[in-house]
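**Student:** Based on what follows, work out the 3D shape:
(one chain, ligands or ions: 1)
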Amino acid sequence: MSGGRPMLEVDGINARYGDSQVLWDVSLSVGDGEVVGLLGRNGAGKTTTLSAIAGVQPPSTGTVTFDGKDITGQSVSAISRQGIKLVPEDRRPFDGLTVRENLELSTDTTNGEDWDVPRALGEFTQLDERANQRAGDLSGGEQQMLVIAMALVGNPRLVLLDEPMEGLAPQIVDQIVDIVRRVREANIPVLLVEQNVDVCLELIDRGYLLHKGEIRMSGSAAELADATEEIDRYLGIRV
Ligand SMILES: Nc1ncnc2c1ncn2[C@@H]1O[C@H](COP(=O)(O)OP(=O)(O)OP(=O)(O)O)[C@@H](O)[C@H]1O
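**Tutor:** Numbering: from 1, shown residues only. All right, here's what the predicted structure looks like:
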C-alpha cells in the first residue's frame, strides 16, 4: 500500500561518528499517509538514520528529500518548521508543567491547524482526565502518550517515532499501538523505529530491515512477516 508520492526520500546516506562509519548507503522512503517501519537490533543504526533525517546528525553523503525539497544538512529547527517532528526515545514532557501546559507549549500551527489542545485531549481521554496534573506525576505510559500528543499538536507532516514502546508494560504497549493507529488514521505519515517485530508488523504498511548500518531487506508488512529467515538472521527473533 505504498500510496501516493513519497513524502520522504532518503537516498544513499552514509553517516559516521569520528572514524567509525555507522550507516552505509541507506535509502528508504515514506509515502503520503504511510506508516513505515525501520527494524533492527541494538546498534544497527536506526536512531542515527532518524537523526540524519531530522538534522540532528547530518549524513556525510547522500540526500534527504522532503516533499520534493532537498533538506540535507539543514538545521534541526529548519527541518522541524517544515513539519518533520522527531520523537526521540528519551523524549520526556516537562515534569513541572501540567499536561495541558505541555501541550500548549508544543502547539505549532505553521503547517496546519487540524490539531490543537482540545482535539489532543479529546483523542486521548486518559490525558484529558489528567489535564491539570503535573506531567511528572504521570505514569511512564501516560508520559509516552503525552509526548506523542505533543508531537501531534505540532501539526506534523511526518512523525519520526523512535521506539515509543521501549520499556513499557504490555498493557501500555497496546495503548501506544492504538495511538499510532490513530495517527495513521489521521493520515499523518510515520517512520517508526521499533525492535519489537510483532508490534511493528501490526502497525506498518511497509518496512525495512537494517543490519550493521545497511538495509538488508524491505517489503510490505506481509512480506516481512513471511521472511522468517531474514528476521531470524538480522533481528535474532522469530515472528
Ligand atoms: N554519539 C555517538 N558517538 C559514537 N558512536 C555512536 C554514537 N551514537 C551511536 N553510536 C554508534 O553508532 C552505531 C549505531 O547506533 P544507533 O543508536 O543509531 O543504533 P540503533 O539501531 O538506534 O540502536 P539502539 O536501539 O540501541 O538505539 C552503534 O554502533 C553505536 O554504538
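**Student:** Contacts for the strand or helix carrying Gln126, please.
**Tutor:** Applying DSSP states H and E as the criterion places Gln126 in helix 125-128. Contacts with helix 125-128, where a contact means CB atoms under 8 Å, 6 or more residues apart in numbering, come from 99, 120-122, 142, 145-146, 149, 175. Using the backbone N, CA and C atoms, a C-beta is placed for each residue, glycine as well.
**Student:** one more time with 10 Å, if that's ok
**Tutor:** Residues outside helix 125-128 that contact it (CB atoms under 10 Å, 6 or more residues apart in numbering): 99-100, 102-103, 118, 120-122, 133, 135, 138-139, 141-142, 145-146, 148-149, 175.
**Student:** Following the chain past it, name the next helix or strand.
**Tutor:** helix 140-152.
**Student:** picking up where we left off before, report the mean confidence score over the helix holding Gln126.
**Tutor:** The average pLDDT within helix 125-128 is 92.
**Student:** gap between that helix and the chain center?
**Tutor:** Relative to the centre of its chain, helix 125-128 is centred 22 Å away, using CA atoms, centre = their mean, to the nearest Å.
**Student:** tell me which residues of that helix are tucked away?
**Tutor:** Leu127 (16 or more other CB atoms under 10 Å).
**Student:** I'd like the distance between the residue nearest the centre of the chain and Ile172.
**Tutor:** Residue closest to the average C-alpha location in the chain (CA atoms, centre = their mean): Leu161, at 1.8 Å. Noted for Leu161: a distance of 15 Å to Ile172, by CB to CB, to the nearest Å.
**Student:** Sweet, I'm off.
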